[in-house]
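Visitor: A predicted structure for the sequence below; I have some questions about it.
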Amino acid sequence: MALVVLCLVCAGCGGEFDETKMRLTTEQVPIHLDSEQVSLTEQQVNCGVDKDLWDPPVRVSVRSVARLHQEARNLGFSDDVQVGEPGYALPYAQMRGDFMLRVESLLDTKDGPGQGVKTVSALVRVKVPNDCFAGDLPIMGVRKGQFNPNIPVTLIFTFENSDWKLDHFVH
């Protein structure tokens with residue numbers, strides 16, 4: 001009888017959505033990113049140059065660009081590193097592929113849009129398996145169609161097959 005009660009209690013566990021469930025869902029398996037922008041520090045840019053991930057930044061118009069090498073592409077960088085672009089205090093690059101993520105902090109959770117949907121605002125970082133990026137790389141949020149390093153990421157979670165899953169990043 002105790003086993004039946006325990007099973008019934010656990011069967012309801014999958015429907016709860018709290019910070020622990022959000023973290024587990026986001027951090028347990030690789031998540032596919034499709035051209036999400038991440039911020040880099042100057043030290044990480046310099047380390048990437050030293051480790052032959054990209055060329056030293058070269059001035060192009062109002063910003064500098066560090067051209068990617070294949071090793072950086074193998075790590076999931078999908079576009080050249082941008083340095084000194086107006087409106088961006090830090091260098092940035094795009095990431096594409098399947099990555100382990102780390103939730104730095106959960107800021108807000110809302111219901112919807114729709115039934116079985118949660119909208120989450122959080123600070124999320126991409127784990128990149130290279131010594132240059134030991135602190136992980138923060139993913140930029142989007143406001144009015146523009147990536148912004150000062151905006152948290154908005155994530156959509158859906159309840160499917162008795163459990164929550166990360167559906168997508170809002171752009």
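Guide: Structure received.

Visitor: use CA for all of it now, contacts and neighbours both
Guide: OK.

Visitor: By mean pLDDT, flag the weakest helix or strand of the chain.
Guide: Least confident helix or strand, the chain: helix 2-11 with a mean of 36, by mean pLDDT, DSSP states H and E.

Visitor: Using CSV, write down the CA coordinates of whichever helix or strand comes after it.
Guide: Per DSSP states H and E, the first helix or strand lying C-terminal to helix 2-11 is helix 19-27. Only the C-alpha atoms of helix 19-27 are listed here, as CSV (Å, rounded to 0.1, in the frame of the first residue of the first chain):
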residue,chain,number,x,y,z
GLU,A,19,13.1,27.0,-9.8
THR,A,20,14.5,23.5,-9.1
LYS,A,21,12.5,22.0,-12.0
MET,A,22,13.5,24.9,-14.3
ARG,A,23,17.2,24.4,-13.4
LEU,A,24,17.1,20.6,-13.8
THR,A,25,15.3,20.9,-17.2
THR,A,26,17.8,23.5,-18.5
GLU,A,27,21.0,22.0,-17.1
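
Visitor: How about residues contacting helix 19-27?
Guide: Helix 19-27 is contacted by residues 100, 101, 102, 103, 106, 164, 165, 166 when judged by CA atoms under 8 Å, 6 or more residues apart in numbering.

Visitor: Could you save those residues as TSV and add columns showing distance to residue 49 and neighbour count?
Guide: Shown next, in TSV, are the contacts of helix 19-27 (distance: CA to CA, whole Å; neighbours: other CA atoms under 10 Å):
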residue	distance to residue 49	neighbour count
100	24	18
101	24	23
102	25	19
103	28	17
106	33	18
164	40	21
165	37	18
166	34	17
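
Visitor: In strands only, show me these.
Guide: 101, 102, 103, 106, 164, 165, 166 (DSSP state E).

Visitor: just those residues now: which is nearest residue 116?
Guide: Nearest to residue 116 among those: residue 164, at 8.7 Å, using CA to CA.

Visitor: which residues sit in contact with that closest one?
Guide: By CA under 8 Å, 6+ apart, residue 164 lies in contact with 14, 15, 17, 21, 25, 157, 158.
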